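S.K.: Give me coordinates for this.
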Amino acid sequence: MEVPISQIIFQQTLLVLLKEKAVWVPSLQSIFIADLHFGKAAHFRKSGIPIPEPIHQVDLLNLDYLITNYSPQNVYFLGDLFHSDWNGQWNVLNEFLSTFTDVTFHLVLGNHDILPPLHYKEAVFQIHKSPIEIGNLILSHEPLEEIAEDRINLCGHIHPGIRLVGKARQSIRLSCFHYKPNQLILPAFGRFTGLALVKPKSTDQVFGITNEKVIPILS
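M.R.: You can find the predicted model right below:
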């Protein structure tokens, strides 16, 4: 397993920020992921936009890497696991996750998690319709506005990104973790997602994500 490069310690709880766009919390033996948007390619193809399905295979490979290397007891998906209407990729995702028999999968419902209740009832996930608390973590899809001082909100929804500009005015856009006081907004895990550029305040921290590592941008 790689040595963690970027991490946050919130009231003695260690949150390890991973280049796979996930958070590992060793004390809870849990991995946290936001905005997978699995099945989005098929959703676009139904609308006549030719998006290749293998784009989601990389997401499955990343999930396999995380579970195999960290051996979590729980994996929490912080909303927008699946992109809107049902398609066959829902079965692909459930069949893939069901092979990890020692892991409990949780889904905190997001605004794109709109499948009929029967699909969730028959799925591998424990479904949470509202934000939940795990230790001193509050898990939600959308960022919460009111958070107790002794709690940290892990959330997604925003798809945070940062734009870096070089001396020659060349620029690059990176997914990032956006850490505010009492809140950590996770990057979108899925490859087929966009970015919303963040405007961090002086009290915030931003951690950019490359293929090799997580880089503190502002601290």
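S.K.: my guess is Pro160 meets Val198, correct?
M.R.: Yes - between Pro160 and Val198 there is a contact under Cβ atoms under 8 Å: 4.8 Å. (Each C-beta comes from the backbone N, C-alpha and C, glycine too.)
S.K.: Compare those two and say which is more crowded by neighbours.
M.R.: Taking neighbours as other Cβ atoms under 10 Å, Pro160 and Val198 compare with Pro160 leading, 24 against 21.
S.K.: For that one, name its beta-bridge partners.
M.R.: Pro160 has these beta-bridge partners by DSSP bridges: Ala196.
S.K.: per-residue confidence for it?
M.R.: Pro160 carries a pLDDT value of 97.
S.K.: can you pull the contacts of it?
M.R.: Ser175, Cys176, Phe177, His178, Ile185, Leu186, Pro187, Leu195, Ala196, Val198, Val206 (Cβ atoms under 8 Å, 6 or more residues apart in numbering).
S.K.: show me what contacts the second one?
M.R.: When you say that, I think you mean Cys176. Contact analysis of Cys176 by Cβ under 8 Å, 6+ apart lists Pro160, Gly161, Ile162, Pro187, Val198, Val206, Phe207, Gly208, Ile209, Ile217.
S.K.: Got the phi and psi for the third one?
M.R.: Taking degrees, to the nearest 10, you get phi -130, psi 140 for the backbone angles of Ile162.
S.K.: Setting the sequence-adjacent residues aside, check what's closest to it.
M.R.: Distances taken as Cβ to Cβ, 6 or more residues apart in numbering put Cys176 closest to Ile162, at 4.6 Å, once the chain neighbours are dropped.
S.K.: pLDDT averaged over the helix or strand encompassing that neighbour, what's the number?
M.R.: In the assignment (DSSP states H and E), Cys176 maps to strand 171-180. Here strand 171-180 scores 93 as its mean pLDDT.
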